[in-house]
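Asks: prediction below, plus the sequence it came from.
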Amino acid sequence: MDDEARVVSPDADAIERSNEAALRPSNLDEFVGQRVVREQLSLVLSAATGRGTPPDHVLLSGPPGLGKTTLAMIIAQELGSTLRLTSGPAIQHAGDLAAILSSLDEGDVLFLDEIHRLARPAEEMLYLAMEDFRVDVVVGKGAGATSIPLSLPPFTVVGATTRAGLLPAPLRDRFGFTGHLDFYEDDELKAIVVRSAGRLGVSIAHDAAHEIASRSRGTPRIANRLLRRVRDWAEVHGNGRADLDAAREALTVYEVDERGLDRLDRAVLKALCTRFAGGPVGLSTLAVTVGEETETVETVAEPFLVREGFMSRTPRGRIATADAWLHLGLTPPADAIGGEAGGRLFD
Ligand SMILES: Nc1ncnc2c1ncn2[C@@H]1O[C@H](COP(=O)(O)OP(=O)(O)OP(=O)(O)O)[C@@H](O)[C@H]1O
Ligand SMILES: [Mg+2]
């Protein structure tokens, strides 16, 4: 299954990214949730503004769809700076990065998305640029090549990564501030849904916003996407108003259940409980049973199921928790782990 085709995928395609632009909060006060990161960042930015110098380089890490790009844009906005956007995969050669760096003006914010995918030579050039505001431009080729040091005006790098663990330590160390974004609480997602509905000109009931929030897997991107599907449903079948009925009906059409599980997630849990008596079972066997690639099950369904406490990874294989059985409307076996009804396997 193509992950981006799923209504609960945390990733976005190009069309969706352009839809998202309209929903992005434009300053820190409008940015919902992530209280700690917001407060810390606010301090970093006000102090820098007070001193009249560009702030430390900022690294934003966390799963897709939680607001890294949004925060990068807010940082530039709050500083009144120009935002320059690029990404690790867009920089094929060190020369590409040199060209970008040498065109920066004082105080610019350089947003480097997916910074963990930067090629090694570009990464080394970035170390120097971040630390000493200097770049060595290589002129000529082969034996006759010479490198000319070029000094850069002070600027701020905002790096974003979904895989902070993949960043080499020397790169990580050059960021003066690191903000880690975490999944959102339902009431925060609800606030985001209400705000987005306002932006989209959709009238939404509070219980409908809550319903969407609770099925959004802690992810604003998914919340905004589900909101658009509910709006569609309300326009086609309802009175255009996103009420609880519209929310429930629309999300039933898209097969997103009360906890945010979709068809694949439920198929995996169901196979685990009914075909393998709750496990343990190997991942590849489980994948074959639901007719998917092993990698799809591992990267698309499993992380959410584990995070929500429906499934557990053990050295002997995957096992279903008591919550998984209950969620499927089944009675958990007495030795199932987790959940109120289950006993404790390891007690
Ligand atoms: N705290 C927030 N408040 C309001 N809206 C938010 C918030 N965080 C994210 N969003 C919305 O969610 C969508 C996705 O956010 P964003 O693009 O910033 O995520 P990301 O972390 O950069 O994801 P990716 O890793 O895929 O690049 C945007 O439409 C954005 O407006
Ligand atoms: Mg992003």
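Replies: Perfect, thanks for sending it. Ligands and ions are numbered 1, 2, ... in the order given.
Asks: close to ligand 1: what parts of the chain are there?
Replies: Contact residues (C-beta under 6 Å from any ligand atom) of the chain with ligand 1: 11-12, 20, 23-25, 31-34, 64-70, 162, 192, 220-221, 224. C-beta: built from backbone N, CA, C; applies to glycine.
Asks: I'd say Asp257 and Arg215 touch.
Replies: Yes. Counting by C-beta atoms under 8 Å, Asp257 does reach Arg215; the two are 7.2 Å apart.
Asks: those two: which is more packed in?
Replies: When neighbours are counted by other C-beta atoms under 10 Å, Asp257 and Arg215 differ, and Arg215 comes out ahead with 25 against 15.
Asks: so the residue nearest to the more buried one when sequence neighbours are not counted: helix, strand or coil?
Replies: Nearest in space to Arg215, with sequence neighbours left out and distances taken as C-beta to C-beta, 6 or more residues apart in numbering, is Gly260 at 4.4 Å. Here Gly260 is recorded as coil under DSSP: H, G, I helix; E, B strand; the rest coil.
Asks: skipping adjacent residues, who's closest to the residue of the stretch 101-250 of the chain found nearest ligand 1 in space?
Replies: Across the stretch 101-250 of the chain, the shortest distance to ligand 1 (C-beta to the nearest ligand atom) belongs to Pro220, at 3.5 Å. For Pro220, ignoring the flanking residues on the chain, the nearest one in space by C-beta to C-beta, 6+ apart is Ile192 at 5.1 Å.
Asks: how many neighbours does the one you found have?
Replies: That count, for Ile192 with other C-beta under 10 Å as the rule, works out to 27.
Asks: report pLDDT for it.
Replies: You'll see Ile192 listed with a pLDDT of 98.
Asks: which element is it on?
Replies: helix 186-200 (DSSP states H and E).
Asks: do Ala223 as well
Replies: helix 220-237.
Asks: right, and the residue of the stretch 101-250 of the chain closest to ligand 1 touches Ala191 too?
Replies: No. Pro220 is beyond contact range of Ala191, at 10.0 Å (criterion: C-beta under 8 Å).
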